[in-house]
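Enquirer: Dropping a prediction and its sequence here:
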Amino acid sequence: MKRITLTLAAAVFAFPAFADDDGAAARFGLAGILSATNSEDLPPIMLSAGQPLADAPLVLKSGTYYEIEIEADGSQELALVGAGFFRAIWIDEIVVEGLEIRPLGIDSFEFDEAGVMEVGFVAIKPGSYTLSVPQSRGDLQTLQITIE
């Protein structure tokens, strides 16, 4: 019994943010970083032959939950790769036509025809990353993403 009490006391003192009313629980709500006050919708990414992926680079904040739609117009089979970025985020779910997928990791996406997917994720690791259409030339079909 003493061992359990000492372990619990050590845990409380080792993590004072959990006991602090002005800490994470107060900022985010009961769901922590997945609460509605800590989420943001991003502008969509459009996969279309020879067209830019987005209007501007994305700047994300580490610890924030984001949702983004990735849409393909079916003009060509197109993929979106970015292993570095996908390893710097925690993917909550990917939704395709109402099917919710909760992966352990992603390396790339490919659209064989027109369609839309929604990706919900938490930005984790600060840095600069690139999403791109493989074998595209120049910067036209790349998207720069910074996690601060």
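Expert: Perfect, I can see it now. Numbers count the residues shown, from 1 in each chain.
Enquirer: Quickly note the distance from the most centrally placed residue in the chain to residue 73.
Expert: Nearest to the geometric centre of the chain sits residue 121, at 3.0 Å (Cα atoms, centre = their mean). Distance, residue 121 to residue 73, by Cβ to Cβ, to the nearest Å: 23 Å. For glycine as for every other residue, the C-beta is placed from the backbone atoms N, C-alpha and C.
Enquirer: for residue 89, same thing?
Expert: Plainly put, residue 89 is 25 Å away from residue 73 if you go by Cβ to Cβ.
Enquirer: who has more neighbours, those two?
Expert: Shown here are residue 89 and residue 73; by other Cβ atoms under 10 Å, residue 89 has more neighbours (22 against 15).
Enquirer: what residues are up against the more buried one?
Expert: Applying Cβ atoms under 8 Å, 6 or more residues apart in numbering, we find residue 89 in contact with 121, 122, 123, 124, 125, 147.
Enquirer: cutoff 7 Å now
Expert: 121, 122, 123, 124 (Cβ atoms under 7 Å, 6 or more residues apart in numbering).
Enquirer: Quickly list what the residue lying closest to it once chain neighbours are set aside is bridged to.
Expert: Nearest residue to residue 89, sequence neighbours excluded (Cβ to Cβ, 6 or more residues apart in numbering): residue 121, at 4.4 Å. Here residue 121 sits in beta bridges with residue 66, residue 91, going by DSSP bridges.
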